[in-house]
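Asks: generate a structure from the sequence data that follows.
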Amino acid sequence: ACAFAGLWNCVTINPLNIAAGVWMMLNAFVLFLCEAPFCCQFIEFANAVSARADRLRSWQKAAFYCGMAVFPVVLSLTLTTLFGNAIAFATGVLYGLSALGKKGDAIAYARIHQQQKQMDEEKLTGALEGQA
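Replies: As a prediction, this is how the structure comes out:
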């Protein structure tokens, strides 16, 4: 979607739209290299780029993908750039959510809260007994 929208964005005379379209096609190429290197088997360095991208942490990937997707929108705010970069931005958002970790159990949080409350009460009663 990013590559097709970028190509469509280049069919204009506005230089900012052309720059945004070229950037979007570059984004699509980088996403293919990092996420689906089997689609780029004819490129010699595709496996090296994919291996390097796999070593990055989830939050680093999130920042990279979201940053890549926001730049063309800043250059040229059109529906084509918004819809074309939506998938790249969504990929970054998903990596960001995976960096946060999985959701905790409500029962476990309640137990932790109860234990902290008991410890606070014990400290308070110990301090009061020490004053008396």
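
Asks: every contact and neighbour count from this point should use C-alpha atoms.
Replies: Fine.

Asks: okay, now the domains of this structure?
Replies: Domain assignment for the chain, taken from the TED database, gives 1-76, 81-131.

Asks: poorly predicted segments of this structure, please.
Replies: Within the chain, the segments meeting pLDDT under 70 span 102-106, 124, 126-132.

Asks: which residues in it form helices?
Replies: Under the criterion DSSP state H, the chain carries helices at the ranges 2-9, 15-35, 46-55, 58-75, 79-100, 106-131.

Asks: got these as CSV, with mean neighbour count columns?
Replies: Below are the helices of the chain laid out as CSV (neighbours: other Cα atoms under 10 Å):
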stretch, mean neighbour count
helix 2-9, 21
helix 15-35, 20
helix 46-55, 15
helix 58-75, 19
helix 79-100, 19
helix 106-131, 11
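
Asks: from what I can see Ala99 touches Lys61, true?
Replies: No. Counting by Cα atoms under 8 Å, Ala99 does not reach Lys61; the two are 9.5 Å apart.
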